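Asker: how would this look folded up:
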Amino acid sequence: MNRIVINGKTIRCNGSNVTIQNNRVIVDGKVISTNAIEQSDVTIYGDVENIKCKGSVSCDNVKGNINAEGSVSCDDVGGNIECGGSVHCDSIAGDVKAGGSISM
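Answerer: Residues are numbered from 1 along each chain as shown. Model prediction:
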């Protein structure tokens, strides 16, 4: 089970594709919360496939891609990262397109 923390509010869910869009948290295509704030700080505890959000994101391991308008901090990423801010990750298997600095 994954734990998603958005601006201090915790959501627990099963699933691997996380999207935060239009004030909704969507996991594997299912809306699980309608109280998210798009421009937010998101922390995901657990392994997920893909992440898409308008804010900054911190996470454990992502098997696929991360798309965030803010910064990204993650252990390992198996795909690509595209973000508007900086990137700080242990390892990234794909390409990185960042608006700020990149640290690995």
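
Asker: residues contacting stretch 68-87, please?
Answerer: With contacts defined as Cβ atoms under 8 Å, 6 or more residues apart in numbering, stretch 68-87 is touched by 39, 41, 50-67, 88-104. (Each C-beta comes from the backbone N, C-alpha and C, glycine too.)

Asker: at 7 Å what do you get?
Answerer: 51, 53-67, 88-103 (Cβ atoms under 7 Å, 6 or more residues apart in numbering).

Asker: are any of these buried, and which?
Answerer: Buried subset of these (neighbour count, 16 or more other Cβ atoms under 10 Å): 51, 53-59, 62, 64-67, 89, 92, 96, 98.

Asker: show me the strands in this protein, by range?
Answerer: 2-6, 9-13, 17-21, 24-27, 30-33, 41-45, 50-53, 56-62, 66-68, 72-77, 81-83, 87-92, 96-98, 102-103 (DSSP state E).

Asker: which secondary structure elements does the fifth one contact?
Answerer: Translated: strand 30-33. With contacts taken as 3 or more Cβ pairs under 7 Å, 6 or more residues apart in numbering; DSSP states H and E, strand 30-33 sits against strand 9-13, strand 24-27.

Asker: buried deepest among the ones you listed, which one?
Answerer: Comparing these by mean neighbour count (mean count of other Cβ atoms under 10 Å), strand 24-27 ranks first with a mean of 18.

Asker: no further queries at this time; thank you.
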